[in-house]
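Chemist: got a sequence here, can you build the structure:
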Amino acid sequence: MIRCIIVDDEPLARELLVGYIDQLPNITCVAVCTGAVQAFSVLHEQHVDLMFLDIQMPGITGLNFLKSVRNAPKVIFTTAYMEHAVEAFELEAVDYLLKPITFERFIKAVQKVLPKKEEPQEAPPRVNENDYVFLKVDKRLVKINHRNIVYAEGLGDYIKVYTADQTYITYLTMTKLETLLPANSFVRIHRSYIINLSHVQYLEGNFVRINDVDLPVGLTYKDGLAQKLRNVE
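Modeler: So this is what the prediction gives:
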């Protein structure tokens with residue numbers, strides 16, 4: 001579990017980051033700080049792996065604060081100012097996020113801190129005995145019935161699993177998810193999407209309509225999808 005702190009003088013920015021962190025299963029926020037002085041105390045009292053650090057703050061700027069910290073944790077800068085990027089990376093920042101920060105961009109930054117997963121050279125055969133899958137969501141193993149899954153969207157080492165009434169975020173790769181879902185019901189249509197064939201409305205051009213959402217179909221997946229749709233029961 002990655003232990004992180006947020007250092008930002010803007011309440012809305014802190015609230016946004018806390019909300020993003022709460023959605024990820026392998027990172028936890030141990031402190032929210034309004035400035036460098038408070039953050040300095042936290043670093044001396046707790047083990048911290050990662051700081052989300054604003055740059056323009058009253059008193060000590062984020063850049064000067066980082067320079068003053070011995071054995072600093074990894075840092076992702078969060079700022080509204082592009083002009084400090086060069087100096088930030090000279091200080092070996094993991095990433096540099098420009099406000100307003102989107103969830104997708106946030107995930108990409110966090111992935112740089114996570115230990116790398118080794119993908120098998122060849123995916124194991126799919127296991128189809130059950131009509132459900134267990135996914136780790138917010139430190140819980142959540143049971144999701146196959147029929148309720150509409151589609152899954154890959155975000156690097158994370159996946160968003162969409163059901164009709166809820167979205168789950170889990171730390172998993174698309175390759176691994178493919179091995180957990182039955183091949184007769186689910187198909188990869190893009191490097192970032194897996195869909196449940198029973199929810200498809202139609203295929204047109206390079207897009208498939210599924211529960212009133214249009215998803216892109218990769219050229220290498222299109223023929224396979226069309227064949228699956230013709231054979232779907």
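Chemist: any idea how this structure splits into domains?
Modeler: Recorded structural domains for the chain (assignment: automatic domain parsing) are 2-111, 132-231.
Chemist: output those as CSV; include the columns mean pLDDT and mean neighbour count.
Modeler: Using the backbone N, CA and C atoms, a C-beta is placed for each residue, glycine as well. Output for these, formatted as CSV (pLDDT from 0 to 100; neighbours: other CB atoms under 10 Å):
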stretch, mean pLDDT, mean neighbour count
domain 2-111, 94, 17
domain 132-231, 91, 16
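Chemist: can you tell me the SS state at the residue nearest in space to the middle of the chain?
Modeler: In the chain, the centroid-proximal residue (CA atoms, centre = their mean) is I107; its distance is 3.9 Å. Here I107 is helix, with the state taken from DSSP: H, G, I helix; E, B strand; the rest coil.
Chemist: which residues does the residue nearest to it when sequence neighbours are not counted bridge with?
Modeler: Using CB to CB, 6 or more residues apart in numbering and skipping the chain neighbours, the partner closest in space to I107 is L155 (5.1 Å). Per DSSP bridges, the residues bridged to L155 are Y158.
Chemist: with V137 instead?
Modeler: For V137, the beta-bridge assignment (DSSP bridges) gives partners R140.
Chemist: so it makes contact with I169?
Modeler: Yes: V137 is within contact range of I169, at 6.7 Å (criterion: CB atoms under 8 Å).
Chemist: one step back: need the contact list for the residue nearest to the centre of the chain.
Modeler: For I107, the contact set (CB atoms under 8 Å, 6 or more residues apart in numbering) comprises 24, 155-156, 158.
Chemist: likewise for L177?
Modeler: L177 sits in contact with 152, 159, 194, where contact means CB under 8 Å, 6+ apart.
Chemist: so what's the first one up against?
Modeler: Counting by CB under 8 Å, 6+ apart, A152 makes contact with 159-162, 174, 177, 193-195.
Chemist: which of those residues sits closest to D8?
Modeler: Using CB to CB, K160 is the member of the contacts of A152 that lies nearest D8, at 25.8 Å.
Chemist: returning to that earlier point: what about the residue nearest to the centre of the chain, distance to V37?
Modeler: Between I107 and V37 the distance, using CB to CB, to the nearest Å, works out to 30 Å.
Chemist: I169 is in what secondary structure piece?
Modeler: In this assignment (DSSP states H and E), I169 forms part of strand 167-171.
Chemist: just the element for the residue lying closest to A226 once chain neighbours are set aside, please.
Modeler: Nearest in space to A226, with sequence neighbours left out and distances taken as CB to CB, 6+ apart, is L203 at 6.5 Å. Element membership for L203, per DSSP H and E: strand 200-204.
Chemist: what's the following helix or strand after that strand?
Modeler: strand 207-210.
Chemist: what's that next one packed up against?
Modeler: Judged by 3 or more CB pairs under 8 Å, 6 or more residues apart in numbering; DSSP states H and E, strand 207-210 is in contact with strand 193-196, strand 200-204, strand 213-216.
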